[in-house]
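*Asks:* Sequence first, predicted coordinates after that:
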Amino acid sequence: MELGLQDKIILVAGASKGLGFAIARQLQQEGAKLSIASSDAGRIAAAAAELDCLGVCCDAASADDIDAWVAQSLAHYGRIDGLVINAGGPPAGGFDNFSDADWQRAFELTLMSAVRMMRAVLPVMRAQRSGSIVTLTSSSVKEPIDFLLLSNVMRSGVTSLAKSLSRAEAGNGIRINNLVPGLIATDRMKHLDKVQAEANRRTVEQQHAATAAQIPLGRYGEPDEFAKAAVFLLSDAASYITGATLTVDGGTMRTVW
């Protein structure tokens, strides 16, 4: 299948490691030109060197940083064909664990980062009459996870934002979709395994095995498996898909929508 990504300019947030880096690597293999961002200056410099692309230190919770990243990318490449919205997840915990300040930090990092990234690229895409945006959310937007309350709330907002804007921007040739990871083998998942292991008084290895046993495919997913779904949604091969929420979870979730 021809994906039509050769020489397309794609911005990928949170791309110094994990799912963001895996997506950037898969995009590069399809011939896309990249601008990648992360709040860790050292990591993003190393990732950019490995992928031979533009790398920018950008705190996803900072409006100024996001605007600067998009402006630098536009100045470097002259156009923006795609955007992957991604940011580190809020801390785990239940309702009684979080203060107003915790809620505000999660709001800025998870929800407002998506608002600001879209706000920054949409004028460019509207002028071009084309563009594709993919948000990375969480399985918690379909089935709330008890110990990830902040993520449940904020990522559901991102999903609703993408769906709303997908309808508003379709006439401008802009597609906006959500991509939902299930249990993918990343550092974030290792951290959550540790949190659950402590809560259940298990070793991390026991927790990992118990969780994997609940996945119909019998294992955690690999970052590249998830990344390929993102690349498809960004590509011309998905030209009639917008406003969708695609789940990559090995069959774990029971919801039908």
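*Replies:* Looks like it arrived, so ask away. Numbering: from 1, shown residues only.
*Asks:* what about the longest strand in the chain?
*Replies:* The longest strand of the chain (DSSP state E) is strand 174-181.
*Asks:* Now tell me what touches it from outside.
*Replies:* By Cβ atoms under 8 Å, 6 or more residues apart in numbering, the surrounding residues in contact with strand 174-181 are 19, 118, 122, 125-126, 130-139, 141-142, 158-159, 162-163, 165-166, 169, 221, 226, 229-230, 233, 238-239, 241-249. Heads up, the C-betas are built off the backbone N, CA and C, glycines and all.
*Asks:* Could you identify the buried members of the residues you listed?
*Replies:* Buried by 16 or more other Cβ atoms under 10 Å: 19, 118, 122, 125, 130-139, 141-142, 158-159, 162-163, 165-166, 169, 221, 226, 229-230, 233, 238, 242-243, 245, 247-249, out of the contacts of strand 174-181.
*Asks:* Mind checking which of the residues you listed are in helices?
*Replies:* Judged by DSSP state H, helices contain the following of the buried ones among the contacts of strand 174-181: 19, 118, 122, 125, 158-159, 162-163, 165-166, 169, 226, 229-230, 233.
*Asks:* which SS class is Leu34?
*Replies:* strand (DSSP: H, G, I helix; E, B strand; the rest coil).
*Asks:* and it, what pLDDT?
*Replies:* As predicted, Leu34 sits at a pLDDT of 98.
*Asks:* Distance of it relative to Tyr240?
*Replies:* 25 Å (Cβ to Cβ, to the nearest Å).
*Asks:* For Gly173, give me its contacts.
*Replies:* 125, 128-131.
*Asks:* Now render these as CSV, adding pLDDT.
*Replies:* Output for those, formatted as CSV (pLDDT from 0 to 100):
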residue, pLDDT
Met125, 98
Gln128, 97
Arg129, 98
Ser130, 98
Gly131, 98
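*Asks:* Nearest to Lys190 among those residues?
*Replies:* For the contacts of Gly173, the closest approach to Lys190 (Cβ to Cβ) belongs to Gly131, at 34.0 Å.
*Asks:* In space, what's closest to the closest one - neighbours in sequence excluded?
*Replies:* The shortest distance from Gly131 to any non-neighbouring residue, by Cβ to Cβ, 6 or more residues apart in numbering, is to Met125 (3.1 Å).
*Asks:* Verify the contact between the one you found and Leu165 for me.
*Replies:* No - Met125 is beyond contact range of Leu165, at 11.1 Å (criterion: Cβ atoms under 8 Å).
*Asks:* higher neighbour count, Leu34 and Tyr240?
*Replies:* Neighbour count, other Cβ atoms under 10 Å: between Leu34 and Tyr240, Leu34 has more, with 26 against 6.
*Asks:* Return the residues in contact with the more buried one.
*Replies:* Taking Cβ under 8 Å, 6+ apart as the test, what Leu34 contacts is 9-12, 15, 24, 27-28, 51, 53-54.
*Asks:* Kindly report the same for Ala120.
*Replies:* 66-67, 69-70.
*Asks:* try it again with 10 Å
*Replies:* For Ala120, the contact set (Cβ atoms under 10 Å, 6 or more residues apart in numbering) comprises 11, 63, 66-71, 73-74, 80, 83.
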